[in-house]
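# coords please:
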Amino acid sequence: MTGNSSTSLIQALQTIVGAKFTLTDEAKKQPYTKGFRFGSGEALAVVRPATLYQIWQVLEACVAADVAVIMQAANTGLTGGSTPDGNDYDRPLVIISTMRISDIQLINNAEQIVGLAGSTLFGLEDILKPHGREPHSVIGSSCIGASIVGGICNNSGGALVQRGPAYTELAIYAQIDQQGKLMLVNNLGIDLGNNPQQILTNLQQQNYADKDIGTPSLRASDNEYHERVRDIDADTPSRFNNDGRRLYEASGSAGKLAVFAVRIDTYPIPARQQVFYVGTNDDKVLAKIRRDILGSFKNLPVSGEYLHRDCYDAAKKYGKDTFIVIDKLGSKYIPAMFAMKRSVDRIAGNFKFLPSKMSDRIMQYMSCLFPNHLPKRMDEYRDQYQHHWIIEMSGEGVDEAREYFDAFFKENEGNYFECTQKEGEQAILHRFVAGGAIGRYQAMKAKELGALMTIDVAFPRNEKDWFETLPPEIDDLIAVKIYYGHLFCHVMHQNYIMKKGVDAKAVKKQILATFDARGAEYPAEHNVGHEYFAKDTLKSFYKKLDPTNSFNPGIGKTTKCKHWAEPEA
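From the prediction side, this is the model:
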């Protein structure tokens, strides 16, 4: 692309969205070109439209200029899937940030919603609460401001046992066909008009009536998952990102379409809930509980969050500030906190004498000023047991679980207690701050420890030896292992910090080989991003959605070249 062509495109983008929202300065682009945890690269411009139709106009300009496009919402992904990856693309890139378009529309008595391109899980939770309903995910990704559309596009998992991956077959999106023509596809099941301007404007302004809302047979959630997760003797995982059964248009598209909005189901908030805190020193005890509950309980759990003692300790020390903010102020402050962190790190990066990840260091030192934040009974279980499982039941399942645990622990090692409401909230919150704690751990000990390496893996439903025991030749290369996950779904998040000088990529390859031998799938719920190879099923899906490879090229370590051409050696 020549300098004149670049200038012409930037001028066109400025005409569409305004100069203020067409970012070309490197410092201003950085929050969009650098991943939340992983990955970075160059972009010709970052565009921040205010309307759905502006997105369409920006796409038209980009297609005409023959540049590639990355659609980006909250940029909270953990595998770098919504940012550029390096600078070896065959065309310039334009990033379209959708976060100014955050409207959520309630339909069908709030039993469904339409989430526009930049709408967030936190915003959805907030808007549904007065209606006694909740979204697919209620903590975790929602706490860092993750988007609804991003969750759908990545088949994100979530902690809730009955709901499976984020999924819908009802969406409106732009697609580029084999001939390079931009098309608008409206599969929302809502009559909005006949041309892009009319359709997208009517949608954004919610200019439609109940009679325009159809009741298509297509799914707005993975409404079969509760049966799938109960199949404890199946030799395949219950959910994972390469699963062809849940790749459908926007769902699992990973940015290979430009998604304007999705229509998804919501869920009633249970009237009665109880958190049970389970501790044991025998991982086989938890394997038995899992099979008993999934195989014989009348009522499925709401959630079941596992963490190892080492994870408990890391989250307690290095996730303390995030815990305190959410516990005392509420999760709505977390997106602002992460924005502040990015600003501090960007400014600090201009001064060579300051250490990297300055914001983490400041927040870690500040957290030391606060007293112990965890309930006494949890800390006592930490001292007694290495395996911790936070199981939440609802409705009649509360009594079912209480009766089961009373009988079970008379004959098996370990114990449990019923949390008070506050203990339950804090136990679940402690588990979810673990996700960010590992990065803080590595940042604070960067001089003495090596690289950080994370894996989310889905084990077969019939796997009984779920807790990892690495061969000595691999284990000896690792300084820190942090394990947590969604144990009922057999989805584990396994985090490793290497010893100084160890090649993390080589170790990861060795660990993934052990997963392959066990019939596991990875990634389980964070999608391939730029860290994992897209397997054949996923790669074929991407090619079908985006035959010219114009949207998010290179995702899943695929080629970055137009029309999926392989780069020259």
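# flag the shaky bits of the stretch 51-200 of the chain, pLDDT-wise.
The model of the stretch 51-200 of the chain has pLDDT under 70 over residues 139-145.
# how about residues contacting the worst-scoring helix or strand of the chain on mean pLDDT?
One helix or strand of the chain scores below all others by mean pLDDT, DSSP states H and E: helix 334-348, with a mean of 72. Helix 334-348 is contacted from outside by 27, 30-31, 36, 74, 76, 120, 122, 143-145, 322, 325-326, 354-360, 362-363, using Cβ atoms under 8 Å, 6 or more residues apart in numbering. For every residue, glycine as well, the C-beta is placed using N, CA and C.
# mind checking which of those are buried?
By neighbour count, with 16 or more other Cβ atoms under 10 Å, those hold 30-31, 36, 74, 76, 120, 122, 143-145, 322, 325-326, 357-360, 363 as buried.
# what ranges does the stretch 51-200 of the chain have for its helices?
Secondary structure of the stretch 51-200 of the chain (DSSP state H, counting those that start in this stretch): helices located at 52-65, 121-128, 148-153, 196-204.
# how about the ones you listed, which one is nearest residue 46?
Nearest to residue 46 among these is helix 52-65 (11.0 Å), distances taken as Cβ to Cβ.
# check which residues of that closest one are buried.
Applying 16+ other Cβ under 10 Å to helix 52-65 flags 52-59, 61-63, 65 as buried.
# next one: stretch 500-518
Applying 16+ other Cβ under 10 Å to stretch 500-518 flags 502, 504, 507-508, 511-512, 515 as buried.
# closest one to residue 539 out of those, please.
Lowest distance from residue 539 to the buried residues of stretch 500-518 (Cβ to Cβ) belongs to residue 512, with 17.3 Å.
# and that closest one, which helix or strand is it part of?
helix 504-517 (DSSP states H and E).
# which residues are contacting that helix?
450-453, 455, 457, 470-471, 474, 477-478, 494, 496, 498, 521-522.
# go again with 10 Å.
Residues outside helix 504-517 that contact it (Cβ atoms under 10 Å, 6 or more residues apart in numbering): 450-455, 457-459, 468-471, 473-474, 477-478, 494, 496-499, 503, 520-522, 531-533.
# in the buried residues of helix 52-65, find the pair that's most separated.
52 and 65 (20.7 Å).
# for stretch 277-285, the averaged confidence score.
Averaging pLDDT along stretch 277-285 yields 98.
# distance between the ends of it?
Using Cα to Cα, to the nearest Å, one end of stretch 277-285 lies 14 Å from the other.
# what pLDDT does the model give residue 353?
Taking residue 353 on its own, its pLDDT is 68.
# all strands for the stretch 351-500 of the chain, in order.
Shown for the stretch 351-500 of the chain, the strands assigned by DSSP state E, counting those that start in this stretch span residues 387-394, 415-418, 449-458, 478-486, 491-499.
# is it possible to get TSV of those that adds mean neighbour count, distance to residue 209 and mean pLDDT?
As requested, these are exported to TSV (neighbours: other Cβ atoms under 10 Å; distance: least, Cβ to Cβ, whole Å; pLDDT from 0 to 100):
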stretch	mean neighbour count	distance to residue 209	mean pLDDT
strand 387-394	23	35	97
strand 415-418	16	48	98
strand 449-458	22	42	94
strand 478-486	21	40	97
strand 491-499	23	41	96
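# list the contacts of residue 474.
Per Cβ under 10 Å, 6+ apart, neighbours of residue 474: 496, 506-507, 510-511, 513-514.
# what angle sits between the least confident helix or strand of the chain and helix 121-128?
Between the axis of helix 334-348 and that of helix 121-128 there is an angle of 160 degrees, by axes from the mean of the first three to the mean of the last three Cα atoms, to 10 degrees.
# mind listing what's buried in helix 334-348?
In helix 334-348, counting by 16+ other Cβ under 10 Å, buried: 334-335, 337-338, 341-342, 344-346, 348.
# nearest to residue 211, out of those residues: which one, please.
For these, the minimum distance to residue 211 (Cβ to Cβ) is 36.8 Å, reached by residue 335.
# quick check, residue 288 in a helix?
Yes - counting by DSSP: H, G, I helix; E, B strand; the rest coil, residue 288 falls inside a helix.
# that one: neighbour count?
Neighbours of residue 288 under the rule other Cβ atoms under 10 Å: 14.
# which residue is the nearest non-sequential neighbour of it?
Of all residues not flanking residue 288 in the chain, residue 412 sits nearest, at 7.3 Å (Cβ to Cβ, 6 or more residues apart in numbering).
# so who does the spatially closest residue to residue 320 that is not a sequence neighbour touch?
Among residues not flanking residue 320 along the chain, residue 367 sits closest, at 4.2 Å (Cβ to Cβ, 6+ apart). Listed by Cβ under 10 Å, 6+ apart, the contact set of residue 367 reads 317-325, 373, 440.
# mind listing what's buried along stretch 186-204?
For stretch 186-204, the neighbour count (16+ other Cβ under 10 Å) marks 186-190, 192-193, 196, 199-204 as buried.
# now these in a markdown table, with distance to residue 12?
What follows is the buried residues of stretch 186-204, written out as a markdown table (distance: Cβ to Cβ, whole Å):
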| residue | distance to residue 12 |
| --- | --- |
| 186 | 25 |
| 187 | 29 |
| 188 | 29 |
| 189 | 33 |
| 190 | 30 |
| 192 | 26 |
| 193 | 25 |
| 196 | 17 |
| 199 | 22 |
| 200 | 19 |
| 201 | 20 |
| 202 | 25 |
| 203 | 24 |
| 204 | 22 |
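# and which of the residues you listed is nearest residue 546?
Closest to residue 546 out of those is residue 187 (16.7 Å), distances taken as Cβ to Cβ.
# now the longest helix belonging to the chain, how far from the centre of its chain.
Using DSSP state H to define each element, the chain has its longest helix at helix 421-444. Counting by Cα atoms, centre = their mean, to the nearest Å, helix 421-444 is centred 16 Å from the centre of its parent chain.
# before we move on, what about stretch 14-33?
Taking Cα atoms, centre = their mean, one finds stretch 14-33 lying 25 Å from the centre of the chain it belongs to.
# and that stretch, how far apart are its ends?
Its first and final residues considered, stretch 14-33 spans 19 Å by Cα to Cα.
# same question, stretch 221-241
15 Å.
# and what of stretch 81-88?
Terminal-residue distance, stretch 81-88 (Cα to Cα): 16 Å.
# from residue 277, how far out is the spatially closest residue to residue 301 that is not a sequence neighbour?
Closest residue to residue 301 apart from its sequence neighbours, by Cβ to Cβ, 6+ apart: residue 161 at 5.0 Å. According to Cβ to Cβ, to the nearest Å, residue 161 and residue 277 sit 17 Å apart.
# likewise residue 183?
Residue 183 sits 52 Å away from residue 277, going by Cβ to Cβ.
# which one of those two has more residues nearby?
The residue with more neighbours, out of residue 183 and residue 277, is residue 277; 20 against 10, by other Cβ under 10 Å.
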